[in-house]
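**Q** dropping a prediction and its sequence here:
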Amino acid sequence: MFTVFLSQLNQFLTRNSLVQVGLLFLFALAMGWEIAIHTENNAASSKITLALSTWGSAEEVAQTTSLIRQFEAQHPSVSVKLIHAPEQYMSKLQLLMATNQSPDVMLMNNLNLPLFTHAKQLKSLKDELPPNESVFFRPQSLETFTLNGQLMALPRDVSVLVMYLNTDWLHHAKIDLPTPSWRWQEDAIPLFQRAVAHPPQGSKNSPHWGVSFYAKPALFWLPFVFSWGGKLPTTAQEAHSAFLPSTSETKGLQFYQALRTTLKIAPLSTQVGNTSMTELFLQQKIVGLISGRWVLPALTKQAPFHWKIVPLPAGSKGSIVGVDASGYCVSASTQHPEESIALARFLTSQPAQVLFSKSGLVTPARIDVPLEANQSAFLQAIATGKATYPPVQWEAWQDLMLETLTPAFEGQQTVETVLQSASFRKCQRQEVFSQ
């Protein structure tokens, strides 16, 4: 990796200052970037070179590499350089942009999209997806990437939260499987309470819980905000009236806290330490795991019991999860917009999404990609969910919410009390929503 990176310095020393090159060089060494080149002598070649950045597992990188080679075969005048950043991807992407080395095409999620869009670093793709092609994409996937009427990325996959249930545990406890329309108050809470009272035979001496609990990231508790009728504020004006004592946002968070404190069917962090919720589920200490598509391969390979995927139970306003998406955007500063758009379209084509879906990690954004039988719960969650529109300062907002809600989630204070603190209300109005 070090040798490959050094070879790249010679290619742009003539068009970048030593300061920029030095910053990028030092940061790459510190962060461990993986940069792969798919041509051997681009400097001497007349080919156009596009840089494509992505995150993902080794399997996903192999799939992307395969697609790159197919694209290059179809476009002989174009060569694609793959920049793989498996960790701290957005920070590395920001550094590339700050040093005028923005990739031509970037894998992006809708949560971080507003920050890059507001900084005018992305090209609008509104006119690059004709109506006869857009009909093949799930509407929510296009909605999440549309800001101020402009489509800023072409969707690759969609992401929603569902419930994984240990059906062997339920069978042992003589509990019927819930229907897809089950509700928290009437169905889920009694089910989890009965299950905890009748744990699996091999782990009776261990503590057990009904359902998982995540204080972070926010996407795990946003379904409770949405399912009680609340919304995610995106402006200071909206934030001023959100999370007040009588608002739907607060009611949803109060119910989520109750899973840990009043109902005691979800574990406190002091009870599980560093053990992840997925590990607890695999150890049969939790009967229901709230998670996404990304845990499906691990559960398929490792779970020593039968399990089933169902939608999240409904709150007072229904079962409403946030619908998120990942897709490909094009840099506003690319020198090759036509070729970059062609690459983004190729990577979100039907054959490409078929290949990506084989990893089991993603639910394709296209409706013309065949789905597995166990995907019905994901599709129902997408159908009843809502596109997630985050504030521009999404990471800062998450940090603020975590700092504010931790005392409540740990049972030390009430949700209403922490949300009315002066420091929280001030930040909600000003700092987090500054642009």
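**A** Here it is on my side, so go on. Residues are numbered from 1 along each chain as shown.

**Q** which regions of the protein sit below the pLDDT cut-off?
**A** 1-45, 202-205, 373, 428-432, 434-435 (pLDDT under 70).

**Q** ranges for the strands of it?
**A** Along the chain, counting by DSSP state E, strands occupy 34-36, 48-54, 78-84, 105-109, 146-147, 150-151, 154-159, 162-166, 209-211, 286-291, 307-310, 322-330, 363-364, 386-387.

**Q** now mean neighbour count too, for those, in CSV please.
**A** To be clear about C-beta, it is placed using only N, CA and C from the backbone, and glycine gets the same treatment. Output for the strands of the chain, formatted as CSV (neighbours: other C-beta atoms under 10 Å):
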stretch, mean neighbour count
strand 34-36, 16
strand 48-54, 22
strand 78-84, 20
strand 105-109, 25
strand 146-147, 18
strand 150-151, 17
strand 154-159, 26
strand 162-166, 24
strand 209-211, 26
strand 286-291, 25
strand 307-310, 19
strand 322-330, 26
strand 363-364, 26
strand 386-387, 18
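
**Q** between those strands, which one is closest to T234.
**A** Among the strands of the chain, the nearest to T234 by C-beta to C-beta is strand 146-147 (10.1 Å).

**Q** nearest to F192, out of the strands of the chain?
**A** Of the strands of the chain, the one closest to F192 (C-beta to C-beta) turns out to be strand 209-211, at 2.5 Å.

**Q** so what are the sheet partners of that closest one and their directions?
**A** Here strand 209-211 has these sheet partners by DSSP bridges: strand 286-291 (parallel).

**Q** then the strand it pairs with to CSV, C-alphas only?
**A** Output in CSV follows, covering the C-alpha atoms of strand 286-291 (Å, rounded to 0.1, in the frame of the first residue of the first chain):
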residue,chain,number,x,y,z
ILE,A,286,-32.0,-11.7,24.0
VAL,A,287,-35.0,-13.1,22.2
GLY,A,288,-35.5,-10.1,19.8
LEU,A,289,-32.7,-8.2,18.0
ILE,A,290,-33.5,-4.9,16.4
SER,A,291,-31.0,-4.5,13.5
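
**Q** who touches that strand?
**A** Residues from elsewhere that reach strand 286-291, judged by C-beta atoms under 8 Å, 6 or more residues apart in numbering: 161-166, 169-170, 188, 192, 195-196, 208-212, 214, 220, 267, 277-278, 280-281, 295, 312.

**Q** got the contact list for L161?
**A** Counted by C-beta under 8 Å, 6+ apart, L161 has contacts 219-220, 223, 290-292, 312, 321-322, 381.

**Q** also T348?
**A** By C-beta under 8 Å, 6+ apart, the neighbours of T348 are 154-156, 327-328, 365-366.

**Q** surely E60 meets S359?
**A** Yes. In this structure, E60 is within contact of S359 by C-beta atoms under 8 Å, at 5.9 Å.

**Q** look up phi and psi at G292.
**A** G292 adopts backbone torsions of phi -110, psi -170, taken as degrees, to the nearest 10.

**Q** re the thing from before, save the strands of the chain as JSON lines, and put in distance to M401 too.
**A** Converted to JSON lines, the strands of the chain look like this (distance: least, C-beta to C-beta, whole Å):
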{"stretch": "strand 34-36", "distance to M401": "32"}
{"stretch": "strand 48-54", "distance to M401": "28"}
{"stretch": "strand 78-84", "distance to M401": "31"}
{"stretch": "strand 105-109", "distance to M401": "18"}
{"stretch": "strand 146-147", "distance to M401": "22"}
{"stretch": "strand 150-151", "distance to M401": "28"}
{"stretch": "strand 154-159", "distance to M401": "20"}
{"stretch": "strand 162-166", "distance to M401": "23"}
{"stretch": "strand 209-211", "distance to M401": "21"}
{"stretch": "strand 286-291", "distance to M401": "18"}
{"stretch": "strand 307-310", "distance to M401": "27"}
{"stretch": "strand 322-330", "distance to M401": "14"}
{"stretch": "strand 363-364", "distance to M401": "26"}
{"stretch": "strand 386-387", "distance to M401": "18"}
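
**Q** ok, which of those strands comes nearest N374?
**A** Per C-beta to C-beta, nearest to N374 of those: strand 307-310, 5.7 Å.

**Q** packing partners for that closest one?
**A** Judged by 3 or more C-beta pairs under 8 Å, 6 or more residues apart in numbering; DSSP states H and E, the packing partners of strand 307-310 are strand 162-166, helix 167-172, helix 376-384.

**Q** send the alpha carbons of that strand over as PDB?
**A** Extracted in PDB, the C-alpha atoms of strand 307-310 (Å, rounded to 0.1, in the frame of the first residue of the first chain):
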ATOM      1  CA  TRP A 307     -34.900 -17.300  13.800                       C
ATOM      2  CA  LYS A 308     -37.300 -15.200  11.800                       C
ATOM      3  CA  ILE A 309     -37.400 -11.700  10.500                       C
ATOM      4  CA  VAL A 310     -40.500  -9.500  11.200                       C
END
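
**Q** and that strand, which strands flank it?
**A** strand 162-166 (antiparallel).

**Q** can you list contacts of the strand it pairs with?
**A** By C-beta under 8 Å, 6+ apart, strand 162-166 touches 177-178, 200, 211, 281, 284, 286-292, 295, 299, 305-313, 321, 377-378, 381.

**Q** run the chain-centre distance for that strand.
**A** 19 Å (C-alpha atoms, centre = their mean, to the nearest Å).

**Q** among the contacts of L161, who's most crowded?
**A** Within these, A381 tops the neighbour count with 28 neighbours, counted by other C-beta atoms under 10 Å.
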